[in-house]
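Visitor: Sequence and predicted structure, then a few things I'm wondering about:
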Amino acid sequence: MAEVIIVPDAPAGGAIVADEIARLIRRRPDAVLGLATGSTPLPVYEALRTRLSGVDVSQVRGFALDEYVGIDPAHPESYRSVISREVVEPLGFDPARIRTPDGSLEGIEHAGDAYEAAIEEAGGVDLQILGIGTDGHIGFNEPGSSFASRTRVKTLTRQTREDNARFFDSIDDVPMHCITQGLGTILRARHLVLLAFGAGKAEAVAGAVEGPVSASLPGSAIQLHPHVTVVVDEAAASRLRDADYYRYAWDNKPDWQGI
């Protein structure tokens, strides 16, 4: 069972996760982070600015979950640009040590294998940050994705493109394809931390945490992992049957265990 932490709001959730990441980096200066984009993880990155003050982060490595295919890396909504703007620059990470999948059209057929090899060469991801889509996708693993899938090119659903259209001028500007870490890739990380905030994520969270494990809801793959932390606000937790137990367990957890 995943550990579920119900917080009053997104900043409180971000603080809890940032504390854990800061502990990880202090313990292992060359820690490997799995980095998510979108609005959900922003409170984590914002809280890390103070948690990592004075901490040597020069050896930290990171791998983004995904990238759009065919987008100019310099485009402000390419995930390379987003990671640089929201993570690398404000936290002082070495840009050479933070990677995103290569979404260039040239060589795209080999880009997934190259990214898998880079993650393996780094020793694997220590802590993977995840969000979850309204249809239950994690990364860009849309419903129907194999739990054994590796980094590969996927076609985005209409719903995902509509959800992401807020970052572009219109849905027509949202790329049709992406390259994403697979569910199998994600499950190899040593610690998964999934964040979700708002009532719009409640159904997906309930399915991922308490529903049947099914490729129809890719987020349910987290139930197969031995170390998962789910951080949600009250609205996102509103469909959880065992919310009272999750609150009780968190309130009585020894401080030394972390998350």
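Guide: Nice, thanks for sending it over.
Visitor: As a check, name the ranges of all strands in the stretch 101-250 of the chain.
Guide: Listed in chain order, the strands found in the stretch 101-250 of the chain under DSSP state E, counting those that start in this stretch are 127-130, 152-155, 177-180, 192-196, 228-233.
Visitor: and residue 95, which of the ones you listed is closest to it?
Guide: The closest of these to residue 95 is strand 127-130. By CB to CB, the value is 18.5 Å. Every C-beta, even on glycine, is put in place using the N, C-alpha and C of the backbone.
Visitor: what are the pairing partners of that closest one, and which direction each?
Guide: strand 32-35 (parallel), strand 192-196 (parallel) (DSSP bridges).
Visitor: What is the neighbour count of the residue nearest to residue 232 when sequence neighbours are not counted?
Guide: Nearest non-adjacent residue to residue 232, counting by CB to CB, 6 or more residues apart in numbering: residue 196, 4.9 Å away. Residues lying near residue 196 (other CB atoms under 10 Å) number 27.
Visitor: what does residue 243 give?
Guide: 17.
Visitor: what do you get for the one 3 residues further on?
Guide: For residue 246, the neighbour count with other CB under 10 Å is 20.
Visitor: How about the contacts made by it?
Guide: Each residue near residue 246 by CB atoms under 8 Å, 6 or more residues apart in numbering is listed here: 3-6, 237, 240.
Visitor: related to what we said a few turns ago, please identify the most buried of the strands paired with strand 127-130.
Guide: The highest mean neighbour count among the strands paired with strand 127-130, using mean count of other CB atoms under 10 Å, belongs to strand 192-196: a mean of 26.
Visitor: the inter-axis angle of that strand versus strand 228-233?
Guide: Here the directions of strand 192-196 and strand 228-233 differ by 20 degrees (axes from the mean of the first three to the mean of the last three CA atoms, to 10 degrees).
Visitor: hang on, the residue nearest to residue 232 packs against residue 205?
Guide: Yes. Assessed by CB atoms under 8 Å, residue 196 is found in contact with residue 205 at 4.9 Å.
Visitor: Quickly list what's touching both of the two.
Guide: The contact sets of residue 196 and residue 205 overlap at 132, 230, 232, 236 (CB under 8 Å, 6+ apart).
Visitor: Any chance of JSON lines for the strands of the stretch 101-250 of the chain, columns mean pLDDT and distance to residue 118?
Guide: Output for the strands of the stretch 101-250 of the chain, formatted as JSON lines (pLDDT from 0 to 100; distance: least, CB to CB, whole Å):
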{"stretch": "strand 127-130", "mean pLDDT": "98", "distance to residue 118": "15"}
{"stretch": "strand 152-155", "mean pLDDT": "95", "distance to residue 118": "15"}
{"stretch": "strand 177-180", "mean pLDDT": "96", "distance to residue 118": "13"}
{"stretch": "strand 192-196", "mean pLDDT": "98", "distance to residue 118": "20"}
{"stretch": "strand 228-233", "mean pLDDT": "98", "distance to residue 118": "24"}
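Visitor: where's residue 138 relative to residue 204, distance?
Guide: When distance is defined by CB to CB, to the nearest Å, residue 138 is 9 Å away from residue 204.
Visitor: list the residues that contact both of these two?
Guide: With CB under 8 Å, 6+ apart as the test, residue 138 and residue 204 both reach 132, 219.
Visitor: Just the helices from this structure, written as ranges.
Guide: Secondary structure of the chain (DSSP state H): helices at 10-27, 42-51, 79-83, 89-91, 108-121, 158-164, 183-187, 202-210, 243-251.
Visitor: Alright, that wraps it up for me.
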